[in-house]
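Visitor: A structural model of the following input is requested.
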Amino acid sequence: MNTATETTSAEAYTAIKPKLPSLQEKVLTAIKATGETGATMEEVYNAIPDAGYVLHQRASELNKAGKIKVNGVRRNSKGVNQKVWIAA
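Guide: Just a heads-up that it's a prediction; the model follows:
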């Protein structure tokens, strides 16, 4: 990574850090609401339209924390396979 990219990433993380617990909870709630059907990230984005682009990383954080897990794949609206997340 170059210095400019590292600086930009660090600034972005600093800006979003106070919002992380709230965003993670929104993602977890959206995934839990789908039960065993689970949700792709496209479906999570649709459930939380005001959150913007920051949700994908929240799923990775929740997965690392053991709160959600992958339960297969499903095609999104563009025909691309996406992971299906369910509550752990």
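Visitor: can you give me the strands in this structure?
Guide: For the chain, applying DSSP state E gives strands covering 68-75, 81-87.
Visitor: show residues contacting the last one.
Guide: Judged by CB atoms under 8 Å, 6 or more residues apart in numbering, the contacts made with strand 81-87 from elsewhere in the structure are 28, 31-32, 34-36, 38-42, 44, 59, 63, 67-76. C-beta: built from backbone N, CA, C; applies to glycine.
Visitor: repeat for the first one
Guide: Outside of strand 68-75, the residues that reach it under the criterion CB under 8 Å, 6+ apart are 27-28, 31, 36, 38, 40, 59, 62-63, 81-88.
Visitor: tell me the buried residues in the helix or strand of the chain with the lowest mean pLDDT?
Guide: The weakest-scoring helix or strand in the chain, judged by mean pLDDT, DSSP states H and E, is helix 3-16 (a mean of 79). For helix 3-16, burial by neighbour count (16 or more other CB atoms under 10 Å) applies to no residue.
Visitor: what's the spacing between that helix and its chain's center?
Guide: How far helix 3-16 lies from its chain's middle: 19 Å, per CA atoms, centre = their mean, to the nearest Å.
Visitor: no further questions, thank you.
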